[in-house]
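In: Predicted structure and sequence below. I'll ask about it afterward.
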Amino acid sequence: MGQYKNIVILTGAGISAESGVATFRDNDGLWEKHRIEDVATPEAFARDPDLVQRFYSLRRRQLNEVEPNAAHKALAKLQRELDGKVTIITQNVDDLHERGGGTNIIHMHGELRKVRCKACSSVHDWREDCAQETECPSCGRAPSLRPHIVWFGEMPFFMDRIAEYLAECDLFISIGTSGNVYPAAGFVAEVRAKGNAHTIEVNLEPSEGASMFAEHRHGKAGELLPALVEELLN
Ligand code: NAD
């Protein structure tokens, strides 16, 4: 399997599940006891900004209590050994890929440990809670800060770069994603339309888009990834 020169890996909430970070859809459409439409849309932020700020502050705090798992570490090993040939595109807003040793991580849905100023557009690394009264460190205005998160209905980040990576890859692996959040759910179709890349899905169960993949591995990412990475390196 060691013949690949451009590997693109798409990850979703499932890769962080074994670290103790709740996924979106494994619990009746509730995410940490909230409906997604109450905390993860621009309309929700306009309606109840305090609730949304509190929700993301709690998610941010939760990152202090979780650690990268064997799946994050296996991907980091793949990146180290195949220097420059492996790009990770993640839908996750946690930083477990980075803490697991990963590099070249594209956070298409933003990052929990960042906030953005709606007034001056500055982006800040952020480890603390953020509230409506918190002033922007750059322009001093408040309320002006929001989570640096791509909410439903907003445009994901880095789409041009992602399109280039997808066009050039010869192996596309999707890990721990349910296949119903677009545009990420459409990446496998884009890869297949552009070339002869091999495609592998790694997920607890067949995702909505499972039939688009040439190869499937079903089970826990933390158990399957170390073996898959060894196969790719041998
Ligand atoms: P999702 O919750 O819709 O789906 C998760 C998928 O992972 C499911 O298909 C599930 O069967 C699978 N899964 C669960 N445990 C697994 C395991 N141990 N190993 C392998 N697969 C497992 O998640 P998604 O597709 O990433 O949905 C996209 C949205 O979820 C994104 O917008 C993302 O920002 C957001 N989200 C991110 C986080 C995070 O950053 N960790 C957490 C929750 C939601």
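Out: Done, it's in.
In: all contacts plus neighbour counts: C-alpha atoms, from now on.
Out: Noted.
In: Now do stretch 119-128: everything it contacts.
Out: 57, 60-61, 113-117, 138-139, 141, 144, 148 (Cα atoms under 8 Å, 6 or more residues apart in numbering).
In: how about the residues of this structure that lie near the ligand?
Out: Taking Cα under 6 Å from any ligand atom as the measure of proximity, the chain contacts the ligand at 12-18, 21-25, 91-94, 109, 176-179, 181, 203-205, 207, 219-221.
In: Can you flag which of those residues belong to strands?
Out: Counting by DSSP state E, the residues of the chain next to the ligand place residue 203 in strands.
In: filter the residues of the chain next to the ligand to the buried ones?
Out: With burial judged by 16 or more other Cα atoms under 10 Å, the buried subset of these is 12-18, 21-24, 91-94, 109, 176-179, 203-205, 207, 220-221.
In: now, which of those lie within helices?
Out: 14, 15, 16, 17, 221 (DSSP state H).
In: Going toward the C-terminus from the helix or strand of the chain with the lowest mean pLDDT, what's the next helix or strand?
Out: Of all helical and strand segments in the chain, the minimum by mean pLDDT, DSSP states H and E falls on strand 30-31, at a mean of 78. Remark: after strand 30-31, the chain's next helix or strand is strand 34-35, criterion DSSP states H and E.
In: Tell me the predicted confidence for residue 3.
Out: Residue 3 carries a pLDDT score of 87 in this model.
In: Then residue 180?
Out: pLDDT, residue 180: 88.
In: That one - nearest residue in space that isn't next to it in sequence?
Out: In this structure, residue 180 finds its nearest non-sequential neighbour in residue 208, 6.5 Å apart by Cα to Cα, 6 or more residues apart in numbering.
In: Figure out the helix or strand that residue 113 lives in.
Out: Short version, using DSSP H and E: residue 113 is in strand 110-117.
In: Can you tell me the strand partners of that strand and which way each runs?
Out: strand 123-125 (antiparallel), strand 145-149 (antiparallel) (DSSP bridges).
In: Dump it to CSV, restricted to CA.
Out: Extracted in CSV, the C-alpha atoms of strand 110-117 (Å, rounded to 0.1, in the frame of the first residue of the first chain):
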residue,chain,number,x,y,z
GLY,A,110,-13.0,26.7,12.6
GLU,A,111,-11.4,26.2,16.0
LEU,A,112,-12.7,26.2,19.6
ARG,A,113,-9.5,27.7,20.9
LYS,A,114,-10.0,30.8,18.7
VAL,A,115,-12.4,33.8,18.8
ARG,A,116,-13.0,36.3,16.1
CYS,A,117,-14.0,40.0,16.3
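In: Report the distance from that strand to the chain centre.
Out: 13 Å (Cα atoms, centre = their mean, to the nearest Å).
In: Just the residues contacting that strand, thanks.
Out: 56, 59-60, 91-95, 122-127, 136, 144-150, 156-157.
In: Please repeat the previous calculation with a cut-off of 7 Å.
Out: 60, 93-94, 122-127, 136, 144-150 (Cα atoms under 7 Å, 6 or more residues apart in numbering).
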